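sharing a model prediction with you, sequence too.
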Amino acid sequence: MAPRVAVLGGGFQGCCIALELAHRGASVLLVDECDDLLTRTAVANEGKVHLGYMYAADPTLATARTMMAGALAFAPFLHRHLGEAAALATSQPAAYVVHRDSQHGVEEVDRYLRQVHAELQEAAARQPGCYFGQDLAEPLRRLSAGELAERFDPEHVLAAYATPEVAIDPLEVARLLRARIAATPQIEVRTGHRVEGAERTEDETGGRLRITGTVGGAEWAEWNESVDQVVNALWAGRMAFDQTLGVRVERAWLHRLKYGVSLPWPQTLPPAPSATVISGPFGEVVSYPDATTYLTWYPACVRGYSDAVTPPSHWVSHPQDPERSSMAARTVAGLADLVPALRGLTPAHLEPAVVKGGVIVAWGETDIDDPHSELHERFRIGVHSDRGHHSVDPGKLTMAPLFALECADRVLGAGPGGS
């Protein structure tokens, strides 16, 4: 008999896990408190599928290797579950930019990027063509002085490197995943259900875990069933749920409320290059083929911090004016110092901009402006299992497909804690 598995959290990680479990024959109950799947942090980011270049503050390369493994599993996972629809359009490949106030000098960044790229080439040689059609065998290239001056402001940018790293449109991925889940009879979706906790039980059904929660503020009166196993992919609520089953967090953590700005790029302006600014002052410019441009600049776009078990309920995903307009303007102003193409944007160009955000959960007590923050290290993440309870810490969107595979292995008995 197929095991019945509750997957808690209908974000990108939860949806990937639900699809993989159903693909392997499990009966899945996918639960989310929102009115639809994939509506919060899953669609409030730039969709970058990280190859490891960002983490120069981790000279061990442990974080880079983790991201690399996730990135190389990403497109094959989507292709298996979405078929030809997984041939997604991608952004321009990103240039990695060394800000003049970076925590790491050009020589240090150069050495780090080349080490990461060499390992990436070795990994990609074992599974060619797996990263959105990008040729990972090409050498990493530092932009010439002329190229640097053409794309960036040399007064603020000391060096830049052309990389194959791309982003996918998270809204399009969300649309495809929703449709695939709706067409999968082994997955029962319950939206509008808020998870509160779980209890271990042995009853006449032979179930081992019962989930508790509310619907519209009232207890789930209709849910008297138990499930064989539970996967906690709740993201912001993950730690609070784990505690109801006796799992205590032994590390410091930090919730951050981070926003990004999406706008239709004006046809009258030359397109902005995709760029990732490291490390310290941090920002992204992501240029998609449909002329949508995504921007984020940390001094302007991080609007809240919390070390509570659950982030504050008043944090909103879509700020309203005047905060929306102010955040968009300050983001453009910060990035325009580095990327001259943004200097042509006027207040009128920013009127249709969408500012959306979500909670970022990561280990550590300080933000990325601290060179010693644990936020620079994203390798102690993954699937943690105990007697049918599997808690998934994805760390980055990049890792969700790989951790879905690992989680399915454990749930179905092929890994630690799976039985």
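It's in.

lowest-confidence helix or strand of this structure?
Of all helical and strand segments in the chain, the minimum by mean pLDDT, DSSP states H and E falls on strand 218-219, at a mean of 79.

partners of that one, with directions?
strand 209-215 (antiparallel) (DSSP bridges).

and the partner strand, how far out from the chain's middle?
Centroid separation between strand 209-215 and its chain, computed with Cα atoms, centre = their mean, to the nearest Å, is 27 Å.

buried stuff in that strand?
Neighbour-count burial for strand 209-215 flags Leu209, Arg210, Ile211, Gly213, Val215 (criterion: 16 or more other Cβ atoms under 10 Å). C-beta coordinates here come from the backbone N, C-alpha and C atoms, glycine included.

could you do stretch 236-253 as well?
Applying 16+ other Cβ under 10 Å to stretch 236-253 flags Ala236, Gly237, Arg238, Met239, Ala240, Phe241, Asp242, Leu245, Val247, Trp253 as buried.

closest one to Met1 out of those residues, please.
Nearest to Met1 among the buried residues of stretch 236-253 is Leu245, at 24.3 Å by Cβ to Cβ.

mind listing what that closest one touches?
The contact partners of Leu245, taken as Cβ atoms under 8 Å, 6 or more residues apart in numbering, are Gly197, Ala198, Glu199, Arg200, Asp386, His389.

and the gap between the fourth one and His389?
Between Arg200 and His389 the computed distance is 9 Å (Cβ to Cβ, to the nearest Å).

who touches both of the two?
Common contacts of Arg200 and His389, defined by Cβ under 8 Å, 6+ apart, comprise Leu209, Leu245.

just the CA coordinates of stretch 84-91, formatted as PDB?
Taking C-alpha atoms only, stretch 84-91 is exported to PDB below (Å, rounded to 0.1, in the frame of the first residue of the first chain):
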ATOM      1  CA  GLU A  84       9.000  20.100 -22.700                       C
ATOM      2  CA  ALA A  85       7.400  23.000 -20.700                       C
ATOM      3  CA  ALA A  86      10.700  23.000 -18.600                       C
ATOM      4  CA  ALA A  87      12.500  24.600 -21.500                       C
ATOM      5  CA  LEU A  88      12.300  27.900 -19.700                       C
ATOM      6  CA  ALA A  89      13.600  31.200 -20.900                       C
ATOM      7  CA  THR A  90      16.500  32.400 -18.900                       C
ATOM      8  CA  SER A  91      18.000  35.700 -18.000                       C
END
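
show me what counts as buried in that stretch.
Ala85, Ala86, Leu88, Thr90, Ser91.

kindly report the same for stretch 55-62.
Tyr55, Ala56, Ala57, Asp58, Leu61.

ok so, going back, which of the buried residues of stretch 84-91 sits closest to Val361?
Within the buried residues of stretch 84-91, distances to Val361 taken as Cβ to Cβ reach their minimum at Ser91, with 24.7 Å.

mind checking how far the closest one is from Ala333?
22 Å.

which stretches of the stretch 101-250 of the chain form helices?
106-125, 145-151, 170-182, 238-244 (DSSP state H, counting those that start in this stretch).

contacts for the last one?
Outside of helix 238-244, the residues that reach it under the criterion Cβ under 8 Å, 6+ apart are 8-9, 195-199, 212, 232, 234, 249, 253, 309-310, 361, 389, 391-393.

contacts for stretch 319-330, please.
With Cβ under 8 Å, 6+ apart, stretch 319-330 has contacts from 259, 261, 263, 297, 299-301, 303, 318, 347, 350, 353, 355, 357.

what about 6 Å?
For stretch 319-330, contacts defined as Cβ atoms under 6 Å, 6 or more residues apart in numbering pick out Val261, Ala300, Leu350, Ala353, Val355.

on that earlier part again, dump the buried residues of stretch 236-253 into CSV; add pLDDT and distance to Ser274 as well.
Formatted as CSV, these follow (pLDDT from 0 to 100; distance: Cβ to Cβ, whole Å):
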residue, pLDDT, distance to Ser274
Ala236, 81, 28
Gly237, 85, 33
Arg238, 88, 31
Met239, 87, 34
Ala240, 88, 36
Phe241, 91, 36
Asp242, 91, 37
Leu245, 90, 42
Val247, 86, 39
Trp253, 79, 31
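
dump those residues to TSV, plus distance to Thr293.
As requested, those are exported to TSV (distance: Cβ to Cβ, whole Å):
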residue	distance to Thr293
Ala236	27
Gly237	32
Arg238	32
Met239	34
Ala240	36
Phe241	36
Asp242	38
Leu245	43
Val247	41
Trp253	32
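
can you tell me which of the buried residues of stretch 84-91 lies nearest to Glu406?
Proximity of the buried residues of stretch 84-91 to Glu406 (Cβ to Cβ) peaks at Ala86, which lies at 20.2 Å.

distance of that closest one from Ala329?
36 Å.

next structured bit after the strand ranked longest in the chain?
Longest strand in the chain, counting residues (DSSP state E): strand 253-264. Remark: after strand 253-264, the chain's next helix or strand is strand 275-278, criterion DSSP states H and E.

tell me which strands that next one pairs with, and in which orientation.
Strand 275-278 pairs in its sheet with strand 95-99 (parallel), strand 283-287 (antiparallel), by DSSP bridges.

now the angle from the last one to strand 253-264?
Interaxial angle, strand 283-287 versus strand 253-264 (axes from the mean of the first three to the mean of the last three Cα atoms, to 10 degrees): 40 degrees.

what sits up against whichever helix or strand comes after strand 283-287?
Using DSSP H and E, the helix or strand that follows strand 283-287 towards the C-terminus is strand 292-297. With contact meaning Cβ under 6 Å, 6+ apart, strand 292-297 is reached by 46, 260-263, 265, 272, 283-287, 331, 334-335.

8 Å instead?
Residues outside strand 292-297 that contact it (Cβ under 8 Å, 6+ apart) are 46-47, 167, 169, 258-265, 271-272, 282-288, 330-332, 334-335, 342.

that one: partners in the sheet, and parallel or antiparallel?
Checking strand 292-297 against DSSP bridges gives partners strand 253-264 (antiparallel), strand 283-287 (antiparallel).

okay, the ones you listed, which one's buried deepest?
Compared across the strands paired with strand 292-297, strand 283-287 shows the largest average neighbour count, a mean of 24 (mean count of other Cβ atoms under 10 Å).

then that one to CSV, C-alphas only?
Output of strand 283-287 as CSV, limited to C-alpha atoms (Å, rounded to 0.1, in the frame of the first residue of the first chain):
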residue,chain,number,x,y,z
GLY,A,283,22.7,43.8,-5.2
GLU,A,284,21.3,42.2,-8.3
VAL,A,285,20.3,43.3,-11.8
VAL,A,286,18.6,40.5,-13.7
SER,A,287,17.5,41.1,-17.3
